[in-house]
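Trainee: this one's structure only:
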């Protein structure tokens, strides 16, 4: 009886704290391995941190720490404010609707999160240019903004695909943790 209670408490701690933090850090460190442009777990990380944690501040803080850790190794970049702002917005929105996240609508939410990231981060590229990357300076006009978004379309596919590839397994593992533990 006591052993069952201790085991249940341990499983609750693992599911509620250790597993989500570990998974989010693993997703953040996945940014460090070679990958195609924009094929990273950051949008999945933003969506799922709102799903894993019942505390908005913990969701936001975990995301910021994970991004900062990986950016220390990758290097800080001109567009950092827009990237972080988009990820924090995605985390906030998906935290607010976290009870609605499931396997069925994760595809739509992954698309929405990727679109938010695309719009905000590429607005930053247009506003700041892209020094150091391709040294593209877009005209500070509506035509320049449209050109920036059009040239960024190929990157959107990688963003969306990687969001799905990282979010679905994260959700599956998280949801299956209690079932696997109780089968022992």
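Mentor: That came through, no problem. Keep in mind the model is a prediction, meaning the values are calculated, not measured.
Trainee: could you point out where the protein is predicted with low confidence?
Mentor: 10-11, 13-16, 20, 130-135, 178-184 (pLDDT under 70).
Trainee: Which strands or helices does the longest helix seen in it pack on?
Mentor: Assignment by DSSP state H gives helix 142-183 as the longest helix of the chain. For helix 142-183, the helices and strands in contact under the criterion 3 or more C-beta pairs under 8 Å, 6 or more residues apart in numbering; DSSP states H and E are helix 2-13, helix 19-29, helix 42-52, helix 106-128. Any C-beta I mention is one placed from the backbone N, CA and C, and that applies to glycine too.
Trainee: Quick one: distance of that helix to the chain centre.
Mentor: 7 Å (C-alpha atoms, centre = their mean, to the nearest Å).
Trainee: before we move on, back to that, residue 72: which of the helices and strands packed on helix 142-183 is closest?
Mentor: Smallest distance to residue 72 across the helices and strands packed on helix 142-183 (C-beta to C-beta): 10.9 Å, for helix 19-29.
Trainee: if we look at that closest one, which residues are touching it?
Mentor: Identification of contacts with helix 19-29 by C-beta atoms under 8 Å, 6 or more residues apart in numbering yields 41-42, 44-45, 48-49, 52-53, 62-63, 66-67, 69-70, 166, 170, 173-174, 177.
Trainee: ChimeraX command to pick out the buried ones of these?
Mentor: Remark: buried members of the contacts of helix 19-29, expressed as a ChimeraX selection using 16 or more other C-beta atoms under 10 Å:
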select :41,42,44,45,48,49,52,53,62,63,66,67,70,166,170,174
